[in-house]
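Q: just coords:
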């Protein structure tokens with residue numbers, strides 16, 4: 001009887017220790033939580049990529065969206081109206097919209113990398129900071145990056 005009681009006490013202590021250790025470690029997947037928290041303020045494109053996007057924008061987009069992305073025949077792609085419409089959405093949503101529906105007179109002809117270059121240009125014009133790595137084209141990576149409702153204050157100053 002005493003041996004059974006000691007074994008039970010041992011397992012209860014082990015269970016309590018496991019619960020306490022698990023609580024101290026925090027969430028089980030901090031990498032996933034960190035990915036979900038990424039925004040365009042986290043320097044998700046390069047300057048070179050934005051330059052490619054600017055060239056493409058001037059060739060394929062400016063006639064409708066305006067030279068300065070301020071709108072015209074089509075909605076603006078910068079400023080508060082753009083961020084009001086797209087803020088809170090993922091860069092995958094934006095890239096997919098561009099890739100599948102633009103340009104309006106020839107939709108679906110842009111490659112994924114051209115679409116990413118255009119998104120990089122939009123981010124640069126929107127004063128989101130550039131970084132060391134190019135914006136990718138994979139759905140999972142882009143779904144983890146959200147366009148905030150406004151650019152970072154550091155990039156505006």
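A: Thanks, I have the structure now. Since we're looking at a predicted model, the values are computed, not measured.
Q: thought residue 132 was touching residue 44?
A: No - using C-beta atoms under 8 Å, residue 132 is not in contact with residue 44; the gap is 10.3 Å. (C-beta placed from N, C-alpha, C; glycine too.)
Q: find the centremost residue of the protein, please.
A: For the chain, residue 145 is the residue whose C-alpha lies nearest the centre (C-alpha atoms, centre = their mean; 1.6 Å).
Q: look up how far residue 83 lies from that residue.
A: Taking C-beta to C-beta, to the nearest Å as the measure, residue 145 and residue 83 are separated by 15 Å.
Q: still on that earlier bit, per-residue pLDDT, the residue nearest to the centre of the chain?
A: Per-residue pLDDT puts residue 145 at 98.
Q: likewise residue 91?
A: On pLDDT, residue 91 comes in at 98.
Q: more neighbours, residue 132 and residue 44?
A: Remark: of residue 132 and residue 44, residue 44 carries more neighbours, 25 against 7, as counted by other C-beta atoms under 10 Å.
Q: mind checking what secondary structure the residue nearest to residue 101 when sequence neighbours are not counted has?
A: Leaving aside its chain neighbours, residue 101 sits nearest to residue 107 (5.0 Å; criterion: C-beta to C-beta, 6 or more residues apart in numbering). In three-state terms, and counting by DSSP: H, G, I helix; E, B strand; the rest coil, residue 107 is coil.
Q: what distance do you get for residue 107 to residue 76?
A: Residue 107 is 19 Å from residue 76, where distance means C-beta to C-beta.
Q: and those two? Which one has more around it.
A: Remark: of residue 107 and residue 76, residue 76 carries more neighbours, 18 against 12, as counted by other C-beta under 10 Å.
Q: mind listing the helices for this structure?
A: Using DSSP state H, the helices of the chain run over 2-25, 30-36, 47-60, 62-65, 79-86, 91-101, 112-125, 139-143, 153-156.
Q: what residues of the fifth one count as buried?
A: Pointing back at helix 79-86 there. Residues of helix 79-86 classed as buried: 82-83, 86 (neighbour count, 16 or more other C-beta atoms under 10 Å).
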